[in-house]
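[1] What follows is a predicted protein model with its sequence.
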Amino acid sequence: TQTATPAAGDAAPAANVRYLSQPLVKEIYTADPSAHVFNGRIYVYPSHDIDAGIPDDDLGNQYAMRDYRVLSMDRIGGPVTIHDVALDVKDVPWASKQMWAPDAAYKNGTYFLYFPVKDKQGIFRIGVATSKSPTGPFKADPQPMQGTYSMDPAVFTDADGTSYLYVGGIWGGQLQNWATGTYNKDAGVTDLKQDDKPALMPRIARLDAGMKQIAEPLKEVQILDEQGKPVLGGDHDRRFFEASWVFKRGNTYYFTYSTGDTHKIAYATGTSPYGPFTYRGVVLNPVQGWTNHHSIVQVGDQWHLFYHDTQLSGKNHLRNVKTAPLTFNADGTIQTVEPLLK
Ligand code: FUB
C-alpha cells in the first residue's frame, strides 16, 4: 500500500485550474476510473495501465493490463492511498488477457468487482469477483457472468435497491460482433458500417439479488436524438462508443458515455434505467490521449467527474486518473468540463 501526497494546488476542488491538471496518483498508471462512496470514503476502481510493449492499433491491443488496484481517499483533494493488487488475471481461471475498465458495487456486506477481460478464445466477457473489503483482494467466480459479452461494465443501483449492469463498446470492445445477439466473428473490427442506420447501442440487464448474474438477457439501451430517432451510426459526435456510466439526479437518469473516435464524454437523459435516453450534450471535451473514460459521483452536496488523460506519459496506453467538480444548470443540463490541457 502506498500513500500519495497531493501535489501543490490539489487542495481546493472549487474552480481551481491547477487542481484540474493534477493526476490523483503518479506512482502507477491508472485509467477508466469508476468512483464510489462506500461508508463515507471515496474509492476509485480504475484500470491499471502497464507498458506491455505492444504498438497502438484500432483494437486497443496496447491496453494489455494484467491486474487491478484500487485507489481511495477520505475527501477530494486529500491524500490518495494506492492499495495492493485487488485482482490478478492469473487468478481468473477463464481469462486470457486485457483487464479493461472495471466497476464495483456493494450489497449486504459484500463488495463486487465487475471486470471485462478476454477469455481463452479472445472474446471479451464480464467477470465478477467478491471481497469483504472495498479494496480487495477479490476472489473471482470460476466462470464469466453467464450471457455477458463485450466490455466496460458499469453497475447502477437505483433507490429501490435494484442494480443494473450496463456493458458495451465497439471496435476493440467487440460489440459489433454481437449485433444479432450471438457472436459473429466476421462482423469486422469497427462498427456496422451502416452510417444511415441506427448505431450500435449499449446493453443493459438487471442483476439478480445475488449480484453475480444477470436476471434477464442483455438488451439494447436506446440513445435518441432530439427528434426521438435513434442516433445513427454515422453520427460519430453523438453515437455510443464505450464507457457507459449511469447516475440518477432527482428523478432523472443520466446515461453518460464516450464517443470514442471523436473523444468526448457525452450524456443523454431519461426516466428509467432502461432508457430510452435523449442526447443532451457533452460532459467532458477531449482529453490528452485517444481514450476518454469517466465516472460521475456525488460526494456530500458536490458532484464530481473522474476521468483520465495522458499527462504523465504522453502515451495513449499509459494514463493517469484525475477529478474535477461537475456543475449542473437549473434545468438539469451539465456544464461541459474543459480538461485544460497544457
Ligand atoms: O482501458 C482499456 C479501454 O480503453 C477501456 O475499456 C475503454 O473504455 C478505453 O478507455
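    Structure's in. What do you need?

[2] Quick check: closest non-adjacent residue to Asp91.
    Ala140 (6.2 Å; CB to CB, 6 or more residues apart in numbering). (Each C-beta comes from the backbone N, C-alpha and C, glycine too.)

[3] Who does that neighbour form a beta bridge with?
    Beta-bridge pairing for Ala140 (DSSP bridges): Ala129.

[4] same check, this time on Thr269
    Beta-bridge partners, per DSSP bridges, of Thr269: Tyr254, Thr278.

[5] show me the contacts for it.
    Listed by CB atoms under 8 Å, 6 or more residues apart in numbering, the contact partners of Thr269 are Thr252, Tyr253, Tyr254, Phe255, Phe277, Thr278, Arg280, Gly332.

[6] still on that earlier bit, the residue nearest to Asp91 and Trp94: what is the separation?
    9 Å (CB to CB, to the nearest Å).

[7] residues from the stretch 101-250 of the chain in reach of the ligand?
    Residues of the stretch 101-250 of the chain lying close to the ligand (CB under 6 Å from any ligand atom) are Ala101, Met151, Asp152, Glu242, Ala243.

[8] Max pairwise distance over the residues you listed: which two?
    Across those, the longest distance by CB to CB is 9.6 Å; it joins Met151 and Ala243.

[9] Neighbour count for those two, which is higher?
    A side-by-side neighbour count of Met151 and Ala243, using other CB atoms under 10 Å, places Ala243 first with 29 against 26.

[10] element containing the more buried one?
    According to DSSP states H and E, Ala243 maps onto strand 242-249.

[11] who are the neighbours of that strand, in terms of helices and strands?
    When contacts are defined as 3 or more CB pairs under 8 Å, 6 or more residues apart in numbering; DSSP states H and E, strand 242-249 packs onto strand 154-157, strand 163-167, strand 252-258, strand 295-299.

[12] Surely His317 and Asp49 touch.
    Yes - under the criterion of CB atoms under 8 Å, His317 makes contact with Asp49 at 6.0 Å.

[13] Show me where the stretch 1-150 of the chain has its helices.
    17-20 (DSSP state H, counting those that start in this stretch).

[14] where are the low-confidence patches of it?
    1-21 (pLDDT under 70).

[15] how about the strands in it?
    Using DSSP state E, counting those that start in this stretch, the strands of the stretch 1-150 of the chain run over residues 2-4, 29-38, 41-49, 67-73, 80-88, 95-97, 103-107, 110-119, 124-131, 139-140.

[16] most centrally placed residue in the chain?
    The chain has Ala243 as the residue nearest its centroid, 4.3 Å off, counting by CA atoms, centre = their mean.

[17] right, and it touches Leu284 too?
    No - between Ala243 and Leu284 no contact is recorded; they are 10.5 Å apart, counting by CB under 8 Å.

[18] which non-adjacent residue is nearest Ile170?
    In this structure, Ile170 finds its nearest non-sequential neighbour in Asp191, 4.9 Å apart by CB to CB, 6+ apart.

[19] what about that neighbour, how many neighbours?
    Using other CB under 10 Å, Asp191 has 22 neighbouring residues.

[20] How about Trp94?
    Close neighbours of Trp94, defined as other CB under 10 Å, add up to 16.

[21] For it, give me its contacts.
    Neighbour list for Trp94: Asp119, Lys120, Arg125, Gly127, Pro142, Gln143, Pro144 [criterion: CB under 8 Å, 6+ apart].

[22] Looking at those residues, which one is closest to Lys322?
    So of these, ranked by how close each gets to Lys322 (CB to CB), first place is Gly127, at 26.8 Å.

[23] any idea how far the ligand is from the closest one?
    Going from Gly127 to the ligand by CB to the nearest ligand atom, to the nearest Å gives 14 Å.

[24] same deal with Gln311?
    15 Å.

[25] host element of that residue?
    Applying DSSP H and E, one finds Gln311 in no helix or strand.

[26] For it, the count of nearby residues, please.
    Counted with other CB under 10 Å, residues neighbouring Gln311 total 19.

[27] Lys90 now?
    Around Lys90 there are 9 residues (other CB under 10 Å).

[28] same thing with Lys107?
    Lys107: 15 neighbours (other CB under 10 Å).

[29] Now do the same contact list for it.
    Thr157, Gly161, Ser163, Met211.

[30] Spatially, which two of the residues you listed are the most separated?
    Gly161 and Met211 (10.7 Å).

[31] And these two? Which one has more around it.
    Between Gly161 and Met211, counted using other CB under 10 Å, Met211 has the larger neighbour count: 20 against 9.
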